[in-house]
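[1] take a look and give me a structure for this.
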Amino acid sequence: MISGYFREVELRLEDTKIIADKNIDLREFSATEGMLSGRLLFVEGSMLEFMEYIKEENRLKYRFHMINKEGDMVFRYDNAPHHRDISSFPHHKHLPGNVSESNDKSIMDVLDEIEALISNATAIKEKNSGAANSQKDLQ
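    Modelled structure (predicted):
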């Protein structure tokens, strides 16, 4: 049922430590049909705008558009019926200057990817900061 999925999403968003702010709209049209949309601001300044339209456990329409703190696209997943040349049509992923194959995505999938991106970026930043401090110590 759609209300169960919405509860799962709400719990995941509450438990996710990388979200600084959120604006979520959950619309239940029937027991098996609904739409989830919103905007998530992440702790390092990036943002995700998203929408999922679900009917009878099928994700009929979705889009997940992530931008960095400068407003540049990081990625966008959607199932708009364009890019017919992609073997995973209509599912695809936009990256800066590229469109590639993808599978059906949910907000949960995208949050996993964003958590990994932010975690990797944080680890690299900390590593570079530590290397810079080590260089200062040598001087």
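[2] quick one, what contacts the residue nearest the centre of the chain?
    Per CA atoms, centre = their mean, the C-alpha nearest to the average position across the chain is that of residue 110, at 3.7 Å. Applying CB atoms under 8 Å, 6 or more residues apart in numbering to residue 110 gives the contacts 48, 50, 64, 66, 77. For glycine as for every other residue, the C-beta is placed from the backbone atoms N, C-alpha and C.
[3] and those, which is closest to residue 7?
    residue 50 (17.4 Å; CB to CB).
[4] so what's the closest one up against?
    Contacts of residue 50 (CB under 8 Å, 6+ apart): 36, 37, 38, 39, 40, 62, 63, 64, 65, 107, 110.
[5] same thing with residue 39?
    22, 23, 47, 48, 49, 50.
[6] give me that answer again for 6 Å
    Neighbour list for residue 39: 23, 49 [criterion: CB atoms under 6 Å, 6 or more residues apart in numbering].
[7] give the helix, strand or coil label for it.
    strand (DSSP: H, G, I helix; E, B strand; the rest coil).
[8] likewise for the one 10 residues further on?
    Secondary structure of residue 49, reduced to three states by three-state DSSP: strand.
[9] residue 64 is in contact with that one, correct?
    No - in this structure, residue 49 is not within contact of residue 64 by CB atoms under 6 Å, at 7.9 Å.
[10] neighbour count: these two, which is higher?
    residue 64 (22 against 15; other CB atoms under 10 Å).
[11] what's the longest strand in the chain?
    Secondary structure of the chain per DSSP state E: the longest strand is strand 19-30.
[12] and residue 7, how many residues sit next to it?
    Neighbour tally, residue 7, other CB under 10 Å: 12.
[13] return the set of buried residues in the helix or strand containing it.
    According to DSSP states H and E, residue 7 maps onto helix 2-15. By neighbour count with 16 or more other CB atoms under 10 Å, helix 2-15 contains the buried residues 2, 5, 6, 9, 13.
[14] which of those residues sits closest to residue 55?
    residue 2 (8.6 Å).
[15] wait, isn't that closest one in contact with residue 34?
    Yes - because the distance of 3.9 Å satisfies CB under 6 Å, residue 2 is recorded as touching residue 34.
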